[in-house]
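**Q** here is a sequence together with a model predicted from it:
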Amino acid sequence: EVQLQASGGGLVQAGGSLRLSCVASRFTFDDHAIAWFRQAPGKERELVSCINRGDRGTYYKDSVKGRFTISSDNAKHTVYLQMNLLKPEDTAVYYCAANDKCSAGGANFWGQGTLVTVSS
């Protein structure tokens with residue numbers, strides 16, 4: 001069974017930073033795109049960032065470009081989301097997910113969420 005373990009959420013003041021980690025196990029890490037989605041209370045889930053399989057190309061939602069950086073450590077089967085200059089509107093539960101390609105429509109495998117709260 002595919003497992004994705006997300007961690008790193010917490011409470012931070014606006015302008016602060018957090019680094020989320022997603023450890024993947026029980027599947028071929030290099031053959032999957034790994035994405036970070038988020039869902040804020042009362043809002044729909046949205047794709048925040050994704051790193052593709054193969055060339056490891058990256059995608060970012062417009063509102064996080066220049067502030068968030070996604071990266072992967074293939075040896076550790078881990079994908080990171082470095083979040084800088086956090087804003088209150090970044091508050092959400094963040095989920096990592098694995099799929100055959102980056103897609104805003106969803107993913108085949110999901111990890112549990114990690115809560116990010118940004119205070120103003």
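**A** The structure has been received and is ready for your questions.

**Q** and the end-to-end length of stretch 17-31?
**A** End-to-end distance of stretch 17-31 (CA to CA, to the nearest Å): 30 Å.

**Q** name the residues that touch that stretch?
**A** With contact meaning CB atoms under 8 Å, 6 or more residues apart in numbering, stretch 17-31 is reached by 1-10, 12, 32, 34, 36, 53-54, 74, 76-86, 94, 96, 98, 100, 109, 111, 114, 116. Yep, even glycine has a C-beta here, placed from its N, CA and C like the rest.

**Q** how does it look with 6 Å?
**A** For stretch 17-31, contacts defined as CB atoms under 6 Å, 6 or more residues apart in numbering pick out 1-8, 12, 53, 77-84, 94, 96.

**Q** quick one: what helix or strand has the residue nearest the centre of the chain in it?
**A** Using CA atoms, centre = their mean, the residue of the chain that lies closest to the mean C-alpha position is W36, 2.4 Å off. Element membership for W36 (DSSP states H and E) is strand 33-39.

**Q** the helix or strand just after that strand vs strand 33-39, what angle?
**A** Using DSSP H and E, the helix or strand that follows strand 33-39 in sequence is strand 46-51. Using axes from the mean of the first three to the mean of the last three CA atoms, to 10 degrees, one finds that strand 46-51 and strand 33-39 are set 160 degrees apart in direction.
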